[in-house]
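Undergrad: Starting from these lines, generate the structure:
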Amino acid sequence: MTETTRPRAILPPGQRAIDFFPRFGRRIDQPPPTVPAHPTVTFGGAVAPPIEVPVDDLVGADRRVLDADFHCVAGWSVTGLRWEGVAFADVYRRYVAPALPPGTTVTHLMVRGLDGEHFLALLDDLLSDDVFLADRLDGRPLDGTHGAPLRLVNPAQYGYANIKHVCRVDALAGAPAAGPASLLERLLQSHPRARVWEEERHGTVPGRLVRPIYRAIKTVLLAKAGRGE
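TA: Sure thing, here's the model as predicted:
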């Protein structure tokens, strides 16, 4: 099993370390989604017809270990996590690239979870060596709290880009048009790249200016989360 270590120095701008890894996010008041007895990941979009791959097959070969920190857009970080799984780039090259029609140029990937969450990522951002589809955390299988059966792990991006309960990946030839957004979604507009070292917390407002808002949200949601994204 290959080990990948992302060097750790200081925390990214505006982040503060906490000593536990909570379940966090917009759906914190809801239980984690039920994982099917035989979970699969569907690769679709430009992949036609879609390919449905059992999770056991996805993570069964070329396994790796990634030591990395996790950074939430709300301003907290957990350091020294150990993820196990497969490199996303290996999965893409094994299942997606060979299934694309000739001449197709993929620019984005839409990653979706069983809980209804999704993130539109640049292809290049997900082909980095330290982007994983992980099925284990700190030596134990992922549970509902942290994203079973599979979680996308990208240490360079805030937690909202690290989709839990991954069930589908769509290959796209461009970014789809944005749909209608609620007032809350407009206020907390996510950045399309969400890079932690550039402090890309918000789609239009500089990250340092929205820190107080996110910290206020963090205080409330961490209280709900307890010691248990």
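
Undergrad: Where do the strands of the chain begin and end?
TA: Secondary structure of the chain by DSSP state E: the strands cover 2-5, 16-17, 40-45, 51-54, 64-71, 76-87, 108-113, 118-122, 132-137, 140-141, 151-153, 166-172.

Undergrad: Compare those and report which one is nearest to Gly207.
TA: In terms of CB to CB, the element of these nearest to Gly207 is strand 64-71, at 11.6 Å. No exception for glycine: its C-beta is placed from N, CA and C like everyone else's.

Undergrad: May I have the beta-bridge partners of the closest residue to Ala46 other than its chain neighbours?
TA: Closest residue in space to Ala46, ignoring its immediate chain neighbours: Ala171 at 4.4 Å, by CB to CB, 6 or more residues apart in numbering. Beta-bridge partners of Ala171, counted by DSSP bridges, are Gly45, Leu109.

Undergrad: who are the neighbours in contact with Ala171?
TA: If you count contacts by CB atoms under 8 Å, 6 or more residues apart in numbering, Ala171 has them with 43-47, 96, 100, 104, 106, 109, 123.

Undergrad: I'd like to know which of those residues is nearest to Pro54.
TA: Nearest member of the contacts of Ala171 to Pro54, counting by CB to CB, is Phe43, at 12.4 Å.

Undergrad: how far away is that closest one from Pro192?
TA: Phe43 sits 22 Å away from Pro192, going by CB to CB, to the nearest Å.

Undergrad: Over to Ala177?
TA: From Ala177 over to Pro192 (counting by CB to CB), the distance is 13 Å.

Undergrad: and those two? which has more neighbours close in?
TA: Neighbour tally, Ala177 and Pro192, criterion other CB atoms under 10 Å: the higher count belongs to Pro192, 15 against 5.

Undergrad: Correct me if wrong: the more buried one contacts Phe119.
TA: No. Between Pro192 and Phe119 no contact is recorded; they are 9.3 Å apart, counting by CB atoms under 8 Å.

Undergrad: show me what contacts the residue nearest the centre of the chain?
TA: Centroid-nearest residue in the chain, with CA atoms, centre = their mean: Asn162, separated by 1.2 Å. Under the criterion of CB under 8 Å, 6+ apart, the neighbours of Asn162 are 70, 151-154, 229.

Undergrad: repeat that with 6 Å
TA: Shown in contact with Asn162 (CB atoms under 6 Å, 6 or more residues apart in numbering): 152-154.

Undergrad: Buried among these? Make that a ChimeraX selection.
TA: Provided next is the ChimeraX selection string for whichever of the contacts of Asn162 are buried by 16 or more other CB atoms under 10 Å:
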select :152,153,154
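
Undergrad: need the contacts of Asn162 in JSON lines with distance to Pro31, can you?
TA: Formatted as JSON lines, the entries for these read as follows, by distance: CB to CB, whole Å:
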{"residue": "Leu152", "distance to Pro31": "21"}
{"residue": "Val153", "distance to Pro31": "22"}
{"residue": "Asn154", "distance to Pro31": "25"}
